[in-house]
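[1] give me a 3D structure for the following:
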Amino acid sequence: MSEYAIDIREVSKIYKLYDKPIDRLKELVHFPGNKTYARDFMALNKISIQVRKGDTVGILGKNGAGKSTLLKILTGVLSETSGAIKIEGTISALLELGAGFNPEYSGMENIFLNGAMMGFSRNEMEKKLEQIISFADIGDFIDQPVKSYSSGMFARLAFSVAISVEPDILIVDEALSVGDTRFQIKCMEHMKKMMEGGTTVLFVSHDINAIRRFCHRCVWIDRGEIILDGDVNFVADAYSDFLKRDYADASMYKEKATHNINRAVLGKRLSEMAENCIAEIVNFKVMDQHGFVGDNINYDEPLKIYIDYEVYDDTLKNAVIGVAIRGSDDDYTCGLNTLLDGYKIPWDKGMNSVVLCFPYGIRAVGGDYFFEVAIEDQTATIGMHYIQRIQKFHMNMEYKCEGRYCIPHHWEV
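    Numbers count the residues shown, from 1 in each chain. Next up, the predicted model:
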């Protein structure tokens, strides 16, 4: 017995695309070695995923990423072009609710029809019948042709049949938003019981927060390749940043899985670029409470930013240092400066230093951010030295809140 319920090894799927329907026929009737009318489309490219028994794994990816192709291969609807898949246990899939239902049959007849399609005998389905009818809760319509059902009633019956088989592995693809609010709550509660009861679940959704709620691990697929596979918050944060950047090249996020983000390199010293340089920033360092420098920061971790700057003209008074934080989508998240805080910085000719302290952490939600730093005149209007994206950092945060910040708080009766 393997420890894995699902073991996918180097699986690829290639579709043949034809410009015209007639081209498919031409290729079929021609002898081998003649002209090829199709072009290959790589829907999946050597995908490898191992899912342990009892785990709940989320799958993220934009439309066309290859998620549905992967799920259809797992359920036997499609066959892989290459690679190997090993499944241990029975599978039930909520891919297209009601697939296989006959609109002319009654709800009752479709229950037995779907049961037979899933490999259950009539006697086995009769034992589940009361449970299915009770969960669907569509009353006397159970004996009416399903073509007379509303879309909500149809979905309720289809979902009830799909979950009645008590599978070892459940595959869910955007199928939980069915029926009215009360029924959705009932579906969620049942799903949660299955997860807690040891059912292995693959959960596909465009709702990133739903993935965070249900899963501890997440796989991000883009253009048929795995971009990231790991902790759900880490992967979900990276995917959110990807969406904010209007579908940037997803491959750039592969580096995040194994490498720390390098600090931005300071440009040439301004003294080499302009004779009238007044002051310049020469060092920018972020340190945690233990004195370590890093680019992965916990949202509630106390931080200090050490800024070293060299003054060439000490006749200027009341200069200002500012630090800004921007999101990966260049959203201006927060800007702080010594003028607004009423703090007078040292301004002696030569090297000077100042420290910006975050005693309770930055408290931003998970994702990628950038620091910016500037030296400005006393009105914080004229810049003497301004460095964009001086350091990139990743904010680590469990799924505790939504939005931009996790504001310290507590609840009372």
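[2] if I pick the residue nearest to Ser68 when sequence neighbours are not counted, what's in contact with it?
    Nearest in space to Ser68, with sequence neighbours left out and distances taken as CB to CB, 6 or more residues apart in numbering, is Asp173 at 6.7 Å. Every residue, glycine included, has its C-beta placed from N, CA and C. For Asp173, the contacting residues are 67-68, 71, 93-95, 204-205, by CB atoms under 8 Å, 6 or more residues apart in numbering.
[3] for Asp173, name its beta-bridge partners.
    Note on Asp173: beta-bridge partners by DSSP bridges are Val204.
[4] quick check: it vs Phe242, distance?
    Distance from Asp173 to Phe242, counting by CB to CB, to the nearest Å: 20 Å.
[5] quick check: bridge partners of the residue nearest to Ile91 when sequence neighbours are not counted?
    Using CB to CB, 6+ apart and skipping residues adjacent in sequence, the residue nearest Ile91 is Ile169, 4.6 Å away. Beta-bridge partners for Ile169, by DSSP bridges, are Ile91, Thr200.
[6] now do the contacts for Ile169.
    So Ile169 contacts 5-6, 87, 89-92, 199-202 (CB under 8 Å, 6+ apart).
[7] partner residues bridging the residue nearest to Asn296 when sequence neighbours are not counted?
    Distance criterion CB to CB, 6+ apart; nearest residue to Asn296, sequence neighbours excluded, is His394 at 5.1 Å. Using DSSP bridges, the bridge partners assigned to His394 are Asn296, Asp368.
[8] wait, His394 sits on Phe370?
    No. Applying CB atoms under 8 Å as the test, His394 and Phe370 come out as separate, 10.8 Å apart.
[9] strands along the stretch 301-413 of the chain, start to end?
    For the stretch 301-413 of the chain, the strands defined by DSSP state E, counting those that start in this stretch cover 303-311, 320-327, 332-337, 350-358, 367-376, 383-396.
[10] check which helices and strands the longest one sits against.
    This points to strand 383-396. Where contact means 3 or more CB pairs under 8 Å, 6 or more residues apart in numbering; DSSP states H and E, strand 383-396 is packed against helix 232-244, strand 279-288, strand 296-298, strand 367-376.
[11] what's the longest one in contact with?
    In this structure, residues lying in contact with helix 232-244 by CB under 8 Å, 6+ apart are 58, 60, 62, 208, 211-212, 215-220, 227-229, 248, 250, 253, 256, 327-329, 331, 365-368, 394-399.
[12] buried among the residues you listed? Make that a ChimeraX selection.
    Buried members of the contacts of helix 232-244 can be picked out in ChimeraX with the line below, counting by 16 or more other CB atoms under 10 Å:
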select :58,60,62,208,211,212,215,217,218,219,220,227,228,229,250,253,256,327,328,365,366,367,368,394,395,396,397,399
